[in-house]
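Enquirer: Provided below are the primary sequence and the corresponding predicted coordinates.
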Amino acid sequence: MKTAAIIVAAGRGTRLGAEIPKQYLPVGRVRILTRTLALFLNHPDIDLVQVVIHPDDRILYDASAESLQCPALLPPVLGGTSRVQSVRFGLDALARHAPANVLIHDAARPFCPNEVIGLVVAALSTSSGAFPALPIVDALWRTTDTNTSLTSEDRKMLWRAQTPQGFRYGDICRAHANHTGSVDDDVGIAVANGLEVAIVAGSEQNFKITTSADLERAGQVAGTDMDVRTGNGFDVHAFTEGDAVTLNGIKIPFERSLAGHSDADVGMHAITDAIFGALAEGDIGQWFPPSDQQWKGAASEIFLAKAVERVRERGFSISNLDCTLICERPKIGPHCSAMRQELARICEIEMSRISVKATTSERLGFTGREEGIAAMATVTLVGN
Ligand code: MG
């Protein structure tokens with residue numbers, strides 16, 4: 001049985017006073033709409049997701065959905081002049097997919113727990129409609145227009161409605177077609193058309209971002225899902241005839257050089273690989289194939305700068321990096337500070353976030369026999 005979700009994202013969100021509609025604002029490092037779409041695209045009970053957007057927001061939508069492209073995400077449809085009309089356009093667009101059920105959800109509720117979505121879908125096996133709601137804990141008082149008298153209200157029979165509001169597709173389409181006048185939500189349309197609508201347990205997490213205080217709360221919730229990534233890199237280059245080695249961008253006079261297609265900067269190669277590793281974007285050899293003549297003798301700064309550019313493009317920044325050079329000679333210690341400075345320049349971060357250190361291998365192995373130099377690096381990236 002196919003279940004579709006309509007995400008209503010056509011509103012202007014003017015109460016927040018931001019320059020763009022609130023559903024496109026970032027919360028943490030991810031836009032609100034992107035979060036909401038991901039909830040439904042990743043939910044096992046949802047087969048299709050139909051977004052309804054405002055005609056002016058196409059570019060913002062594309063940026064929000066870029067990372068989520070999959071067959072379940074249908075091309076967006078344009079909304080109307082009211083929420084009711086926007087939902088109707090979403091329902092119309094789903095007709096050719098003939099879903100059995102449809103869930104209608106506000107784009108501005110990006111933290112709806114999976115269980116709530118599951119409860120709404122499950123309730124549709126016995127009811128024409130279902131929506132999550134919360135009881136009211138505060139005392140309720142009704143005032144008159146002039147605030148002159150107060151009357152108490154019984155809160156036990158009152159509920160705070162949330163979304164997603166779920167319906168059997170045919171039922172809600174008929175209800176929308178018959179609907180005239182204004183309502184607050186789709187439950188209002190369903191009830192006005194005689195549909196039986198059940199209440200399932202909502203969640204305080206499923207709050208709607210409406211005011212700037214809500215946006216702040218959303219930022220606190222999102223703050224706990226910060227993306228931190230670590231990558232490691234390892235490289236070796238053999239000695240060959242020559243009079244200097246280049247390590248982490250610093251040329252050190254020596255009785256030999258390092259062999260390699262580029263400038264053989266083993267330290268910078270390990271760091272570059274650590275960055276590509278943290279991004280899960282392959283390795284230096286894939287980005288700069290040794291078979292490609294253009295990298296012959298190239299300064300390794302080009303490779304590192306490319307990796308740093310990818311970090312930026314992917315929305316991360318380098319939190320710190322640590323590189324260990326393994327060799328008996330040349331002596332690295334006197335050059336560590338210059339190396340850190342050079343790496344800081346290329347990585348565009350403070351020197352205090354960069355460590356370069358060296359060790360020997362106690363005369364053991366190929367580094368101990370002075371056949372070459374090895375380097376290890378660890379990098380931590382933090383999502384912006
Ligand atoms: Mg290398």
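Expert: Alright, I've got the coordinates. Quantities reported herein were computed from a predicted structural model and do not represent experimental measurements.
Enquirer: going forward, measure contacts and count neighbours with C-alpha atoms only.
Expert: Fine.
Enquirer: ranges for the helices of the stretch 151-300 of the chain?
Expert: Ranges of helices within the stretch 151-300 of the chain are 169-178, 186-192, 212-223, 266-279, 284-287, based on DSSP state H, counting those that start in this stretch.
Enquirer: return the most buried member of the ones you listed.
Expert: helix 266-279 (a mean of 27; mean count of other CA atoms under 10 Å).
Enquirer: C-alpha coordinates for it, CSV please?
Expert: Extracted C-alpha coordinates of helix 266-279, given in CSV (Å, rounded to 0.1, in the frame of the first residue of the first chain):
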residue,chain,number,x,y,z
VAL,A,266,55.5,13.0,1.6
GLY,A,267,54.1,15.0,4.6
MET,A,268,51.8,17.1,2.5
HIS,A,269,50.6,14.0,0.6
ALA,A,270,49.7,12.3,3.9
ILE,A,271,47.8,15.4,5.0
THR,A,272,46.0,15.7,1.7
ASP,A,273,45.0,12.0,1.9
ALA,A,274,43.7,12.5,5.5
ILE,A,275,41.4,15.3,4.3
PHE,A,276,40.1,13.3,1.3
GLY,A,277,39.6,10.4,3.8
ALA,A,278,37.6,12.5,6.2
LEU,A,279,35.4,13.7,3.3
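Enquirer: and it, what other elements does it pack with?
Expert: Contacts defined by 3 or more CA pairs under 8 Å, 6 or more residues apart in numbering; DSSP states H and E place helix 266-279 against strand 228-241, strand 244-247, helix 284-287, helix 301-313, strand 316-326, strand 372-383.
Enquirer: can you pull the phi/psi pair for T359?
Expert: phi -150, psi 160 (degrees, to the nearest 10).
Enquirer: is the residue lying closest to it once chain neighbours are set aside in a bridge, and if so with what?
Expert: Counting by CA to CA, 6 or more residues apart in numbering, T359 lies nearest to I326, which is 5.1 Å off, once chain neighbours are set aside. Taking DSSP bridges as the rule, I326 bridges to T359, A374.
Enquirer: what residues are up against I326?
Expert: For I326, the contact set (CA atoms under 8 Å, 6 or more residues apart in numbering) comprises 358-361, 367, 373-375.
Enquirer: next: A175.
Expert: Applying CA under 8 Å, 6+ apart to A175 gives the contacts 189-190, 192-193.
Enquirer: state the number of residues packed around the closest residue to L247 other than its chain neighbours.
Expert: Closest residue to L247 apart from its sequence neighbours, by CA to CA, 6+ apart: D265 at 5.1 Å. By other CA atoms under 10 Å, the residues close to D265 number 27.
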